[in-house]
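A.B. asks: all I have is the shape, not the residue letters:
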């Protein structure tokens, strides 16, 4: 457990967000790609969210994926492509050089994407993700799709996961196009 993190109070806060107009809403299907130090925290936080179903954790090292999957009671995968089209939201917590390809694939499959900082290796790649998110949102045909957010370590992983999860829910509930936000502070 993360020091200072109280699952009960977080769950109450997040659950209160979902009560309004959400009687018929299904749980958000979330996944985490990259299960190192921070990725494990992302998985733990999604697993604690009352209105979120952690449908998979991904790591290229099978032992790591299996260990974290057992801890959060979610299926383990060795390749992120196995979850394309099967999740509503994903945290990408891999080394920076892989962010662009993984984020683009999930955006193109209609998922909301949270990327750990730095978002990509180059400004051009980051701009490409913004374009991909906008295209996904525009082509959503009545459903929210294509949110792009870069995690902000200053807020903490628990706050990012809760905010990201409630944002995805709000966009889905109201059927609006998903906004894109990126934190650019260092």
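C.D. replies: Sure, I can see it. Keep in mind that this is a model prediction, so the values were computed, not measured.
A.B. asks: please, where are all the strands along the chain?
C.D. replies: Secondary structure of the chain (DSSP state E): strands at 28-33, 52-58, 76-77, 89-92, 112-115, 148-150.
A.B. asks: packing partners for the third one?
C.D. replies: Counting by 3 or more Cβ pairs under 8 Å, 6 or more residues apart in numbering; DSSP states H and E, the packing neighbours recorded for strand 76-77 are strand 52-58, helix 62-72. Every C-beta, even on glycine, is put in place using the N, C-alpha and C of the backbone.
A.B. asks: buried deepest among those, which one?
C.D. replies: Relative to the other members of the helices and strands packed on strand 76-77, strand 52-58 carries the highest mean neighbour count by mean count of other Cβ atoms under 10 Å, namely a mean of 24.
A.B. asks: now what about it, what contacts it?
C.D. replies: Contacts of strand 52-58 from elsewhere in the structure, counted by Cβ atoms under 8 Å, 6 or more residues apart in numbering, are 27-35, 39, 43, 46-47, 65, 68-69, 72-80, 82-83, 86-87, 165.
A.B. asks: quick one: buried ones out of these?
C.D. replies: Burial by neighbour count, 16 or more other Cβ atoms under 10 Å: within the contacts of strand 52-58 this picks out 27-35, 39, 43, 46-47, 65, 68-69, 72, 74, 76-77, 80, 83, 87, 165.
A.B. asks: before we move on, back to that, mean pLDDT and distance to residue 149 for the helices and strands packed on strand 76-77 - can I get that in TSV?
C.D. replies: Listed next are those as TSV, based on pLDDT from 0 to 100; distance: least, Cβ to Cβ, whole Å:
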stretch	mean pLDDT	distance to residue 149
strand 52-58	97	16
helix 62-72	98	21
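A.B. asks: looking at those, which is nearest to residue 105?
C.D. replies: Residue 105 sits nearest to strand 52-58 of all those, at 11.8 Å, using Cβ to Cβ.
A.B. asks: between the closest one and helix 62-72, what angle do the directions make?
C.D. replies: Angle, strand 52-58 to helix 62-72, by axes from the mean of the first three to the mean of the last three Cα atoms, to 10 degrees: 160 degrees.
A.B. asks: partner strands of strand 52-58, with direction?
C.D. replies: Looking at strand 52-58 with DSSP bridges, its partner strands are strand 28-33 (parallel), strand 76-77 (parallel).
A.B. asks: shaky segments in this protein?
C.D. replies: For the chain, the stretches with pLDDT under 70 are 1-25, 140-147, 151-186.
A.B. asks: ranges for the helices of it?
C.D. replies: Counting by DSSP state H, the segments of the chain that form helices are 7-19, 37-48, 62-72, 96-108, 123-138, 157-174.
A.B. asks: for the strands of the chain, give me JSON lines that also has distance to residue 127.
C.D. replies: JSON lines is the format used below for those (distance: least, Cβ to Cβ, whole Å):
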{"stretch": "strand 28-33", "distance to residue 127": "22"}
{"stretch": "strand 52-58", "distance to residue 127": "26"}
{"stretch": "strand 76-77", "distance to residue 127": "29"}
{"stretch": "strand 89-92", "distance to residue 127": "17"}
{"stretch": "strand 112-115", "distance to residue 127": "14"}
{"stretch": "strand 148-150", "distance to residue 127": "11"}
